[in-house]
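[1] Have a look; sequence and predicted model below, questions after that.
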2 protein chains.
Amino acid sequence: MTCPEELDPVRLLTPRAREVLDAARVVLERDGWDTLTMRSLADELGIAAPSLYKHFASKDALRTQLIALALKEFGEAVRPVTGVAALVRAYRDVAAGHPQLYRLATSGRLDRDALPPGLEDWSGSPFLEATGDPHRAQALWAAAHGMVILELDGRFPTGSAPEATWDELVTHFR
Amino acid sequence: MTCPEELDPVRLLTPRAREVLDAARVVLERDGWDTLTMRSLADELGIAAPSLYKHFASKDALRTQLIALALKEFGEAVRPVTGVAALVRAYRDVAAGHPQLYRLATSGRLDRDALPPGLEDWSGSPFLEATGDPHRAQALWAAAHGMVILELDGRFPTGSAPEATWDELVTHFR
DNA sequence: GTCTATACAAAGATAGAC
DNA sequence: GTCTATCTTTGTATAGAC
């Protein structure tokens, strides 16, 4: 289930810029955002660092594109499912599959003006559809995010949250 | 309600090191961790940056002390309350009162070997007491953390989570 | 415990040629 | 679109005197 054409953040990029973006994802997942440098990204592509500035004006512009791409893909990943339990399961899985991208897209302030208008809402709308109520949707999303991010950061004493904890969460919202 | 003496991370610091730590909190809340530098911290104290290394071996050592201090203080803040609703309320309030310290203490990996043994568990134990079950406690903590961190980061469309969303969360766990 | 001076490293970004 | 060369800034940390 793909996102509407007008929300697709990649649609205005040149082919080469998309290649750069793809390489950035690889480096991001390998190293994390803080240690992704314009140099390491250039190395991944086999070019010199200054060449990147022909495709993205700054590292921050690249970051914005990655976040927009994440909103699109995460939204697409959870959209096909039905019901709270399946939604939470899909949300957890897609985050676990792209941990650094998830972290980048969901942590810290968000520069909404730099995103395609409507993309953020579209990305979160599956929670509204699954719960049928805005506040319930927000609470479920926040709870799922809390579980995911604590699990990614290894914050649960056992190392990762037991299935029983996830089950507990789903039960409360069903 | 204070934490047990043997868990207090400050107990081994010199008086001057505590002053440095206090100044670090001020700078942290003002600027955030990423832009807290040894120079800005020294400026706050009115001394030269290299002088700080007489009190803390590295910036990372300072970070560890701040995190330990946060676990202690957050644990103390929520301990006196009784019941899920009051716990969640207290948790939200203490985080909102020290947003940067909360972020530092709860985001990213945690170097558990550098903390006083037992402090992390002690800090989280109010959730166990309020719910009476380990998985339920974990789920409630994760949900509360998700709400708090998304609120601190301005991730809810309205800017902060509506009271109705917090109420929704509490209702599910009561 | 504080200072000055300085080393050392890393990162973002620009200029201008090809 | 890519290169080389370079600028500029910033930050952690050490050495050694006072």
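    Yep, that arrived. Numbering: from 1, shown residues only, chains lettered A, B, ... in the order given.
[2] Helices of chain A, start to end?
    With DSSP state H as the criterion, chain A has helices at A:15-31, A:38-45, A:59-78, A:84-97, A:99-106, A:119-131, A:134-152, A:163-172.
[3] Local confidence estimate at A:S160?
    On pLDDT, A:S160 comes in at 87.
[4] Burial check on the closest residue to it other than its chain neighbours, number of neighbours?
    In this structure, A:S160 finds its nearest non-sequential neighbour in A:E151, 5.3 Å apart by C-beta to C-beta, 6 or more residues apart in numbering or on different chains. For every residue, glycine as well, the C-beta is placed using N, CA and C. A:E151: 20 surrounding residues under other C-beta atoms under 10 Å in any protein chain shown.
[5] Would you mind listing the residues in contact with the residue of chain A positioned farthest from its centre?
    Here chain A reaches farthest from its C-alpha mean at A:A48, the gap being 27.9 Å by C-alpha atoms, centre = their mean. By C-beta atoms under 8 Å, 6 or more residues apart in numbering or on different chains, A:A48 lies in contact with A:A42.
[6] Starting from A:A161, give me the distance back to it.
    A:A48 sits at a distance of 43 Å from A:A161 (criterion: C-beta to C-beta, to the nearest Å).
[7] near DNA strand C, which residues of chain A?
    A:T35, A:L36, A:T37, A:M38, A:R39, A:A49, A:P50, A:Y53, A:A57, A:S58, A:K59, A:D60 (C-beta under 7 Å from any atom of the strand).
[8] mind checking pLDDT for the closest residue to A:Y102 other than its chain neighbours?
    Sequence neighbours aside, A:A95 is the residue nearest to A:Y102 in space, at 4.2 Å (criterion: C-beta to C-beta, 6+ apart). pLDDT recorded at A:A95 is 98.
[9] same deal with A:P99?
    98.
[10] Next, count neighbours for it.
    Quick note: A:P99 (other C-beta under 10 Å) scores 17 neighbours.
[11] check contacts around the nearest residue to it once chain neighbours are set aside.
    Once flanking residues are discounted, A:P99 sits nearest to A:L152: 5.0 Å by C-beta to C-beta, 6+ apart. By C-beta under 8 Å, 6+ apart, the residues touching A:L152 are A:A95, A:A96, A:P99, A:Y102, A:R103.
[12] Surely the fourth one and A:A70 touch.
    If I follow you right, that is A:Y102. Yes. Counting by C-beta atoms under 8 Å, A:A70 is a contact partner of A:Y102 at 7.0 Å.
[13] higher neighbour count, these two?
    A:A70 (24 against 20).
[14] picking up where we left off before, residues near the residue nearest to A:Y102, how many?
    Other residues close to A:A95 by other C-beta under 10 Å number 25.
[15] and it, how far is that from B:D22?
    37 Å.
[16] same check, this time on A:Y91
    Taking C-beta to C-beta, one finds A:Y91 at 40 Å from B:D22.
[17] Over to A:W166?
    40 Å.
[18] repeat for A:Y102
    Taken as C-beta to C-beta, the span from A:Y102 to B:D22 is 35 Å.
[19] Tell me the residues of chain A that contact chain B?
    A:106-110, A:120-121, A:135-136, A:138-139, A:141-147, A:149-150, A:153-157, A:161-162, A:164-169, A:172-173 (C-beta under 8 Å from any C-beta of the partner chain).
[20] Give the burial count for the closest residue to A:L21 other than its chain neighbours, as a bare number.
    Leaving aside its sequence neighbours, A:L21 sits nearest to A:Q65 (C-beta to C-beta, 6+ apart; 5.8 Å). Residues lying near A:Q65 (other C-beta under 10 Å) number 22.
[21] Point out the residues in chain A that sit beside DNA strand D.
    A:T14, A:P15, A:R16, A:A42, A:G46, A:I47, A:A48, A:A49, A:P50, A:S51, A:K54, A:H55.
[22] Give me the pLDDT value at the nearest residue to A:W141 once chain neighbours are set aside.
    Nearest non-adjacent residue to A:W141, counting by C-beta to C-beta, 6+ apart: A:F127, 4.7 Å away. Here the pLDDT value assigned to A:F127 is 98.
[23] Buried residues in stretch A:69-77, which are they?
    A:L69, A:A70, A:L71, A:K72, A:E73, A:F74, A:G75, A:E76, A:A77 (16 or more other C-beta atoms under 10 Å in any protein chain shown).
[24] Could you do stretch A:108-122 as well?
    Buried, per 16+ other C-beta under 10 Å, within stretch A:108-122: A:G108, A:L110, A:L115, A:P116, A:L119, A:E120, A:W122.
[25] which residues sit against that stretch?
    A:3-4, A:6-9, A:64, A:67-68, A:71-72, A:75, B:153-155, B:157.
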